[in-house]
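[1] based on what follows, work out the 3D shape:
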Amino acid sequence: MPPAISALLEAERPTLSFEFFPPKTVEGQSALWRTVRELEGLAPDFVSVTYGAGGSTRDRTLDVVERLRSDTSLRPVMHLTCVGTTSDELGRIARHLLDRGITDVLALRGDPPGDPGADWTPTPDGLRYAEDLVRLLTDLGPFDVGVAAFPEGHPEAPNRGVDRQRLADKCASGARYAITQFFFDVEQYVCLVDDLRAIGCATPVVPGLLPVTNPAQTRRFAAKVGATFPAELDAAFREVEHDPAAVHELGVRCAVDLALQLIACGAPGLHLYTLNRAAATREVCAELHRAGVWRAPHTVTL
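    The predicted structure follows:
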């Protein structure tokens, strides 16, 4: 049996992981599996599969996870949320996962169905917080549970102190590691980790990186999740936005620069948001290989 993800994050070698999302269309499915095949040879330590807004893709998420397990060499982590599901239903889902040998789960509260910006209201007879879902999973079986972290604080948190304490509470409830929302300033990650350590939480925190290949899309994503797209970076992309190749090159270079800073600061790994596309992820990995912070399998040509 391979080591738990939480154990890998305690090792000296930084981990490498990718995120995919379950597509809604036949064309999207084809694109996803092309990307999976292109990235599989990089031998990431794990890949995560998201759960759609409002819990809208649960079945598709499970389908992707099961196919990754059966048809590829990749190790999938399934996202699971509290949205639209009672506690009893979540228990049945957890037991279903255990029956299929799926023990890697990222436990999330999730966004309100319909309008992610709406006030959060728990499902009747459901769970209120990700902390509750972490506890449910760890009580039911040998899940290696991860949770989300927000370098700039969760948009709904009244301040960063409260946000940090909520993350520490999730870890105290049984979460073994955290993966962050994307961000663009290394100091935000350093501050998050320092804050956690100051309140006694030693859980590994994996930074999430989004290589910018579509600046307009990135601005929308950042606004939606309360992340800052720094003015200097935004200006740099606006200068080349008319040239897709130049945007791509700048996006890869910025992601590599941030990744190298994060590793130098002691990050236990790197989690790349692929948006179900392979090119930027492969190029970032190639640069990290050249820099000596990640070793590509000898069978891979980068």
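[2] from here on, contacts and neighbour counts on C-alpha atoms
    Fine.
[3] sketch out the low-pLDDT regions of the stretch 1-150 of the chain for me.
    Applying pLDDT under 70 to the stretch 1-150 of the chain flags the ranges 52-58, 112-120.
[4] now do the strands in it.
    Along the stretch 1-150 of the chain, counting by DSSP state E, counting those that start in this stretch, strands occupy 15-20, 46-49, 76-81, 104-108, 144-149.
[5] of all the ones you listed, which one is nearest F221?
    Closest approach to F221 among the strands of the stretch 1-150 of the chain (C-alpha to C-alpha): strand 15-20, 15.3 Å.
[6] for the closest one, which outside residues touch it?
    The contact list for strand 15-20 (C-alpha atoms under 8 Å, 6 or more residues apart in numbering) reads 8-9, 32, 44-50, 268-276, 294.
[7] drop anything exposed from the residues you listed.
    Buried by 16 or more other C-alpha atoms under 10 Å: 8-9, 32, 44-50, 268-276, 294, out of the contacts of strand 15-20.
[8] skipping adjacent residues, who's closest to the one residue sitting closest to the centre of the chain in space?
    What sits nearest the mean C-alpha location of the chain, by C-alpha atoms, centre = their mean, is I179, with 5.3 Å. Leaving out its chain neighbours, the residue that sits closest to I179 by C-alpha to C-alpha, 6 or more residues apart in numbering is V206, at 4.7 Å.
[9] now that neighbour: which helix or strand?
    Here V206 sits within strand 205-209, counting by DSSP states H and E.
[10] biggest helix in the chain by residues?
    helix 244-264 (DSSP state H).
[11] next one: that helix to chain centre, how far?
    Chain-centre distance of helix 244-264: 18 Å, with C-alpha atoms, centre = their mean, to the nearest Å.
[12] now the angle from it to strand 205-209?
    Angle, helix 244-264 to strand 205-209, by axes from the mean of the first three to the mean of the last three C-alpha atoms, to 10 degrees: 170 degrees.
[13] then the following helix or strand past helix 244-264 to PDB, C-alphas only?
    Sequence order places strand 269-273 as the next helix or strand after helix 244-264, per DSSP H and E. Provided in PDB are the C-alpha atoms of strand 269-273 (Å, rounded to 0.1, in the frame of the first residue of the first chain):
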ATOM      1  CA  GLY A 269       4.700  20.500  -2.200                       C
ATOM      2  CA  LEU A 270       3.000  22.200  -5.100                       C
ATOM      3  CA  HIS A 271      -0.600  21.800  -6.300                       C
ATOM      4  CA  LEU A 272      -1.200  23.000  -9.900                       C
ATOM      5  CA  TYR A 273      -4.700  24.000 -11.000                       C
END
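[14] helices or strands next to strand 269-273 in the packing?
    Counting contacts by 3 or more C-alpha pairs under 8 Å, 6 or more residues apart in numbering; DSSP states H and E, strand 269-273 is packed against strand 15-20, strand 205-209.
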